[in-house]
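>>> Quick one, what's the 3D model for this:
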Amino acid sequence: MGDVAVGARSGPGGEEHRGRPDDAAAPAADGAPASGTDSVGDSGNGPRSEDGMSGMVTDEQHATGDREPDGPAPAPKKPRSFWKELPLLIGIALVLALLIKTFLVQAFSIPSASMQNTLTEGDRVLVDKLTPWFGSEPERGEVVVFHDPAQWLAGEPTPEPNAVQTVLSWIGLMPSADEKDLIKRVIGVGGDTVECKGTGPLKVNGKALNEGSYVYAGNTPCSVDDQGGQFKVKVPKGSIWVMGDHRQNSRDSRYNQADKNGGMVPVKEVVGRAIVVAWPMNHWDTLPVPDTFDQGGLKDQSAAAALTVAPQGLAVAGVVPVVWWRRRRRSAAEPSV
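Coordinates of the predicted model:
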């Protein structure tokens, strides 16, 4: 007889099914566990699941942690309406604007022609208020904004702002009508001797200034009058001597020598340095220190160096604790050997 392939047929009538009950035809054919090692059910006498299998764990049960879902998943939260978020955004913007106005920069409007042609009436300038926090003081040639030191603006009309102007001034986009501020150029600082004879030139510490780049065209550096245009003064420490660029149309230190400060402006009254003309757009320009104030022999080099190093020294002092703290954190994070 030829070779017989036993078990070649797998149908109901095959050789392997003869004389054997149907129940035993394929043990574990449906994936029932063959041993108790991984089984989580009982031995077959326990309750059956809905699919008829005893102790079987279905994929849905694994996925839900043996819990049937209680209902449909909650719908995702809808994003908040823009109109509901708008008041919050406005509040944040106002707080930021107030912080910027207080500590960084503030806008000021030029009310008169005393600084022509460097600044014209109606210009808006941005004033740096940050560097004074680090000990920096005004230097010669800078254009600065300062509070009225001794009734310089007495008798000047005070504008009445409307509601919009009041809000804009509060957040720093416009100057406050209640603040009496002036803007002039620093000519002398503490320790300097400033003098004017005849029509000029103006001298600082015996050095003549070449002011053709910023003094109003047609004006002389010094004014010939008996009200203060002719002078020789020594600036005390902690004060500055200021003059307008429109020399024959500026009520500045020269014409306030009878006040309690002798025409000087205390440094503590200085708001900050004007750094740029921001408005109108066709007047946009920076406000650098003229070259004539950099001439040799004019400055006290030791004082200038002290003013330059002060902000840098404070910056280093502020960085050192941060570096120390980061090194401590890094050392704590490294595993001990």
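>>> What are the boundaries of the strands in this protein?
In the chain, strands defined by DSSP state E lie at 105-109, 124-128, 143-147, 181-189, 193-196, 203-204, 207-208, 231-234, 239-243, 265-266, 270-279, 285-286, listed in chain order.
>>> ranking these by burial, who's on top?
Mean neighbour count, computed with mean count of other CB atoms under 10 Å, is highest for strand 239-243 among the strands of the chain, reaching a mean of 27. In this view, the C-beta of every residue, glycine as well, is placed from N, C-alpha and C.
>>> Check what contacts it and list those residues.
Applying CB atoms under 8 Å, 6 or more residues apart in numbering, the external contacts of strand 239-243 come out as 138, 144, 146, 184-190, 192, 194, 202, 233, 235, 250, 252-254, 261, 263-267, 270.
>>> That one pairs with which strands, and in what direction?
Paired neighbours of strand 239-243 in the sheet (DSSP bridges): strand 181-189 (antiparallel), strand 265-266 (antiparallel).
>>> Mean pLDDT added to these, as a markdown table?
Putting these into a markdown table (pLDDT from 0 to 100) gives the following:
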| stretch | mean pLDDT |
| --- | --- |
| strand 181-189 | 96 |
| strand 265-266 | 97 |
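>>> For residue 131, which of those strands is the nearest?
Proximity to residue 131 (CB to CB) singles out strand 181-189 among the strands paired with strand 239-243, at 14.0 Å.
>>> quick one: that closest one to strand 270-279, angle?
Using axes from the mean of the first three to the mean of the last three CA atoms, to 10 degrees, the direction of strand 181-189 lies 110 degrees away from that of strand 270-279.
>>> Serialize the strands paired with strand 239-243 to TSV and add fields for distance to residue 90.
Shown next, in TSV, are the strands paired with strand 239-243 (distance: least, CB to CB, whole Å):
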stretch	distance to residue 90
strand 181-189	28
strand 265-266	38
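>>> Of these, which is nearest residue 127?
Ranking the strands paired with strand 239-243 by proximity to residue 127 (CB to CB) places strand 181-189 first, at 8.6 Å.
>>> which stretches of the stretch 151-300 of the chain have low pLDDT?
Scanning the stretch 151-300 of the chain for pLDDT under 70 picks out 158-159, 161-162, 165, 168-179, 300.
>>> Skipping adjacent residues, who's closest to residue 184 in space?
Using CB to CB, 6 or more residues apart in numbering and skipping residues adjacent in sequence, the residue nearest residue 184 is residue 242, 3.7 Å away.
>>> same deal with residue 270?
residue 146 (4.6 Å).
>>> Would you mind measuring from the residue nearest to residue 184 to residue 93?
To residue 93, residue 242 is 35 Å away according to CB to CB, to the nearest Å.
>>> Tell me the confidence at residue 130?
As predicted, residue 130 sits at a pLDDT of 84.
>>> Next: residue 81.
On the pLDDT scale, residue 81 is placed at 76.
>>> what's the burial count for it?
For residue 81, the neighbour count with other CB atoms under 10 Å is 8.
>>> what sits against it?
Neighbouring residues of residue 81 by CB under 8 Å, 6+ apart: there are none.
>>> Now do it against residue 87, distance only.
11 Å.
>>> Low-confidence ranges, the stretch 1-150 of the chain, go.
For the stretch 1-150 of the chain (pLDDT under 70), the answer is 1-78, 80, 97-103.
>>> So which residues of the stretch 201-337 of the chain form helices?
Using DSSP state H, counting those that start in this stretch, the helices found in the stretch 201-337 of the chain span residues 301-333.
>>> who's residue 239 bridged to?
The partner residues for residue 239, given DSSP bridges, come to residue 266.
>>> Leaving out the residues flanking it, which one is nearest to residue 208?
Per CB to CB, 6+ apart, closest to residue 208 is residue 201, 4.2 Å.
>>> scratch that, residue 232 is what I was asking about
Leaving aside its sequence neighbours, residue 232 sits nearest to residue 195 (CB to CB, 6+ apart; 3.9 Å).
>>> these two touch, right, that neighbour and residue 229?
No: counting by CB atoms under 8 Å, residue 195 does not reach residue 229; the two are 11.6 Å apart.
>>> so where do the helices sit in the stretch 51-200 of the chain?
Going by DSSP H, counting those that start in this stretch, the stretch 51-200 of the chain shows helices at 59-64, 82-103, 163-170.
>>> Give me the contacts around stretch 115-132.
Contacts of stretch 115-132 (CB under 8 Å, 6+ apart): 101-113, 143, 145, 183-185, 214, 216-217, 244-246, 249-250, 270-280, 283, 287, 311.
>>> re earlier: in a markdown table, list the strands of the chain along with distance to residue 298.
Output for the strands of the chain, formatted as a markdown table (distance: least, CB to CB, whole Å):
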| stretch | distance to residue 298 |
| --- | --- |
| strand 105-109 | 28 |
| strand 124-128 | 23 |
| strand 143-147 | 18 |
| strand 181-189 | 10 |
| strand 193-196 | 11 |
| strand 203-204 | 6 |
| strand 207-208 | 5 |
| strand 231-234 | 15 |
| strand 239-243 | 14 |
| strand 265-266 | 20 |
| strand 270-279 | 19 |
| strand 285-286 | 22 |
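>>> Nothing else from me, thank you.
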